[in-house]
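Q: Below are the sequence and a predicted model; questions follow.
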Amino acid sequence: MKEKDQVEITLESNPNELRLLFNLSAQYLSCNKEQLARLKLIYTLLLGRWQNLSRHHIEVEDTKFLDGLQSLKGLRYLSLQGISRITELPKTITGLTNLLILDLRLCHNLENVTAAVTSIKSLTHLDVSECYLLDKMPQGIGSMTNLQVLKGFVVGSARSTDQCRLSELTHLKKLWKLSIRIGSEAQIGEDLNELSEIEKLRSLKIAWGHMKSSPSEYTKPKTSRTFSLGKLEKLVLECVPDDDSEEIKLSQLSLVSEDVRWNVEILRLKFLKELKLEWNYMKRELIQLRCAQIYKCPKIGSSLPGFDENGFWVDETRVPITRTNLELPSDDNA
C-alpha cells in the first residue's frame with residue numbers, strides 16, 4: 001500500500017496467491033467486502049498500525065468491508081490496531097474459525113466487542129487495550145479455552161447484567177497474561193480473589209479508571225482483603241483511586257501463599273498516592289525480584305536507594321540483567 005490522501009485496497013488478478021497483506025504506511029483506507037472476501041487463503045491481515053507513535057493515525061472510509069471477513073476461513077492473524085471509525089465488529093466474524101490473534105488495540109471508537117467473538121474458540125490472543133469507549137466485555141469469554149493472552153479486559157458497571165465477570169476467567173486454563181481496566185462505576189467486591197484460580201497466570205496488570213467525583217450515586221466498591229497470586233512473575237498496578245486507599249493496598253496482595261513466596265520478577269507501582277509499604281520489606285519477600293518501578297507513590301518514598309531518576313531499580317547482581325539490556329516492556333505491552 002502506498003501512502004496518499006486515500007488508499008484503495010486493490011488486489012492483483014490472482015488474490016488466492018496472497019498469504020499476507022500488510023499496511024506499511026497508508027492512513028486512509030478504502031475497501032469493500034467483495035474485495036476482502038477474495039482473499040480466500042490469506043493467513044495474516046494487518047490493516048492497522050504497527051508503529052508505536054500517536055501520529056500514525058489510520059481511518060477507514062466505511063466499516064462495512066468487515067463483513068467480508070467471514071470468507072477468510074484460513075486467517076490466523078488479524079490486526080485492526082489503531083483504526084478509527086470502527087465502533088463494533090460484525091457478527092460475521094464468527095466465520096474466522098482458525099483465527100489465533102485478534103488485535104484491536106487503540107481502536108478508540110470501539111464501543112462494543114460483540115458476543116460473536118466468543119465463538120472463535122481458536123483464539124489464543126485477544127487485545128482490546130486502550131479502547132476507552134468499551135464499558136464491558138461480553139459474556140462467554142470463559143468458554144474461549146485456548147486464550148493465553150487477554151489484554152484490556154473491562155470490568156464494567158454493576159448495573160450491567162450481560163457482561164463477562166472476572167469469575168468467568170477462571171475457566172481459561174492456558175491464560176498466562178492478563179490486563180484489566182476497572183471502570184469508574186465498577187463494584188468489584190470479592191471478584192479479584194477469583195484471579196487466584198487462574199493457575200498459569202504469570203503477568204497481571206490492573207488499572208483503575210477515572211472515579212466519579214461524586215461517588216454517593218453508587219455504592220463504594222469494596223476490594224477483597226486477601227489476594228494471593230503465588231506464581232506471578234510480573235505485576236503492574238495503576239491509578240488506584242484515593243477514596244479507596246484504605247481498602248486497596250498492596251498489603252492485600254498476599255506475599256506468601258501456603259508457605260510459597262511470590263515468584264514476581266518485575267514489579268511496577270504507579271500513581272498509588274496512599275500506598276504505604278516499606279521497600280526493604282518488598283525486597284525481602286519478593287525473593288525473585290529482578291527489577292521494579294516505583295513512580296509517584298509518595299508514601300513509599302521519592303528517593304529510594306538504588307533507584308534512578310526515572311524510578312527504576314535493577315538488581316544488577318542477577319546477571320545478565322543490566323540497565324542497558326533490561327527486558328522491561330513499556331506499559332502499552334504490559
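A: In hand now; what should we look at?
Q: Tell me where the stretch 101-250 of the chain has strands.
A: 101-103, 125-127, 149-155, 177-182, 203-208, 234-238 (DSSP state E, counting those that start in this stretch).
Q: Name the residues of the lengthiest helix in the chain that are buried.
A: For the chain, the longest helix by residue count, based on DSSP state H, is helix 279-285. Buried residues in helix 279-285, counting neighbours by 16 or more other CB atoms under 10 Å, are found at 279, 282. All C-beta spots, glycine's among them, are computed from the backbone N, C-alpha and C.
Q: centre of the chain versus that helix, how much separation?
A: Centre-to-centre, helix 279-285 and its host chain are 28 Å apart (CA atoms, centre = their mean, to the nearest Å).
Q: any idea which helix or strand carries residue 34?
A: Element membership of residue 34, judged by DSSP states H and E, is helix 33-37.
Q: Let me know which of the strands of the stretch 101-250 of the chain is the nearest to residue 76.
A: Of all those, it is strand 101-103 that lies closest to residue 76, at 7.0 Å by CB to CB.
Q: Sheet-wise, list the partners of that closest one with their directions.
A: strand 77-79 (parallel), strand 125-127 (parallel) (DSSP bridges).
Q: Check what pLDDT the spatially most central residue of the chain gets.
A: The centroid of the chain falls nearest to residue 151 when counting by CA atoms, centre = their mean (2.0 Å). Listed pLDDT for residue 151 reads 97.
Q: Distance of it relative to residue 198?
A: 15 Å (CB to CB, to the nearest Å).
Q: try residue 273
A: Distance, residue 273 to residue 198, by CB to CB: 29 Å.
Q: Compare these two (neighbour count), which wins?
A: residue 198 (21 against 13; other CB atoms under 10 Å).
Q: rewinding a little: and the residue nearest to the centre of the chain, what does it touch?
A: Contacts for residue 151 (CB atoms under 8 Å, 6 or more residues apart in numbering) come out as 105, 126, 127, 128, 129, 177, 178, 179.
Q: quick one: the last one and residue 152 touch, right?
A: Yes. Between residue 179 and residue 152 there is a contact under CB atoms under 8 Å: 6.1 Å.
Q: Give the intersection of the neighbour lists for the two.
A: Common neighbours of residue 179 and residue 152, using CB under 8 Å, 6+ apart, are residue 129.
Q: host element of residue 293?
A: With DSSP H and E as the test, residue 293 turns up in strand 291-295.
Q: C-terminal to that strand, what's the next element?
A: Beyond strand 291-295 on the C-terminal side, the first helix or strand identified by DSSP H and E is strand 312-314.
Q: and that following strand, how far out from the chain's middle?
A: 24 Å.
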